[in-house]
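[1] Okay, predicted coordinates and the sequence, questions at the end:
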Amino acid sequence: MVLRGRERGTSEVRLNEELGGFDTPSAPVRARMSEDVRRALRDAYDRQVKDRDARPPPDWETLERDGFLNLLEQEEKHVLLELGAATGSDAAVFKAHRFDVLCIDLSPEMVRRCQAKGLVALVMDVADLRFPPNSFDAVYAMNCLVHVLKAQLPEVLAGISRVLKPDGLFYLGLYGGRDFEGIWDGDSYEPKRFFSHYPDEDLRGVVVKFFDVHSFRRIPHGWNGLHFQSLVLRRRRPAARGD
Ligand SMILES: C[S@@+](CC[C@H](N)C(=O)[O-])C[C@H]1O[C@@H](n2cnc3c(N)ncnc32)[C@H](O)[C@@H]1O
């Protein structure tokens with residue numbers, strides 16, 4: 001199955017006939033899409049482990065991480081899950097600040113690289129968080145959920161909310177600002193990767209179903225006409241009973 005990009009109002013729109021349209025894929029079609037996307041992402045990131053480990057993060061990314069780290073320290077939150085930790089460069093900084101960090105990533109090569117740095121890391125999918133409820137003070141996802149199918153985002157957010165403690169914090173960083181879902185033809189990775197991008201208001205509309213928004217900032221350091229969406233979210237407390 002081939003997934004091509006879909007962008008509203010441009011000639012990039014190429015739906016695969018097999019899918020019967022992106023807007024209303026049936027559950028079995030969605031499962032196949034999801035499996036294909038996951039396999040390609042795993043292979044793409046496995047092949048890039050050396051290059052990504054050598055890549056110095058841009059300054060604004062470091063500031064983002066450190067801003068979240070400071071907030072966690074202020075709130076005395078020290079048990080952290082990192083989603084899509086890749087080679088563990090951010091996780092190593094959290095660990096150096098005495099956080100108890102658990103890394104997950106889809107790519108076995110990335111996980112091995114984390115483990116070689118002395119980090120606790122598991123091959124696991126963000127769509128299938130196998131942890132008990134209320135396990136973590138905080139979840140950190142720098143540029144990972146950009147690879148989740150739009151149809152799957154609500155269940156992924158619900159899973160993150162479930163593993164967070166009440167009042168737990170969630171850093172969500174994504175490239176976005178326009179409406180796109182599919183494989184980016186200009187990608188230099190092989191296989192080319194799947195991306196989901198959201199206009200700011202669409203993203204806000206999804207996250208508020210699960211979290212209170214502590215902050216939502218646009219950072220103008222994107223690529224390909226996108227900006228960076230920096231969200232700090234807090235697990236919503238169950239509504240108080242009115243009786
Ligand atoms: C763009 S990289 C970002 C890596 C790192 N957080 C950073 O900021 O440099 C995305 C990472 O998410 C991982 N990833 C993609 N889809 C995933 C999924 N469904 N579950 C877990 N990890 C995933 C990839 O293997 C890759 O390491």
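    That came in fine, so what should we check first?

[2] hey, where'd the strands end up in this protein?
    Along the chain, counting by DSSP state E, strands occupy 6-7, 79-83, 100-105, 120-123, 136-142, 164-176, 180-183, 194-197, 211-219, 227-235.

[3] Out of the ones you listed, which is closest to Gly205?
    For the strands of the chain, the distance to Gly205 is smallest for strand 211-219, at 11.1 Å, taking Cβ to Cβ. From N, CA and C alone the C-beta is placed, and that goes for glycine too.

[4] what sits against the closest residue to the ligand within the chain?
    Here the residue of the chain nearest the ligand is Gly84; by Cβ to the nearest ligand atom that distance is 2.6 Å. Under the criterion of Cβ atoms under 8 Å, 6 or more residues apart in numbering, the neighbours of Gly84 are Ile104, Asp105, Leu106, Val126, Ala141, Met142, Asn143, Cys144, Leu145, His147.

[5] Weed out the non-buried ones from the residues you listed.
    The neighbour-count test (16 or more other Cβ atoms under 10 Å) marks Ile104, Asp105, Leu106, Val126, Ala141, Met142, Asn143, Cys144, Leu145, His147 as buried among those.

[6] Those: which ones sit near the ligand?
    Applying Cβ under 6 Å from any ligand atom, the subset of these adjacent to the ligand comprises Ile104, Asp105, Leu106, Val126, Met142, Asn143, Cys144, His147.

[7] Adding pLDDT as columns, could you present these in TSV?
    Rendered in TSV, the data for those read as follows (pLDDT from 0 to 100):
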residue	pLDDT
Ile104	98
Asp105	98
Leu106	98
Val126	98
Met142	98
Asn143	96
Cys144	98
His147	97
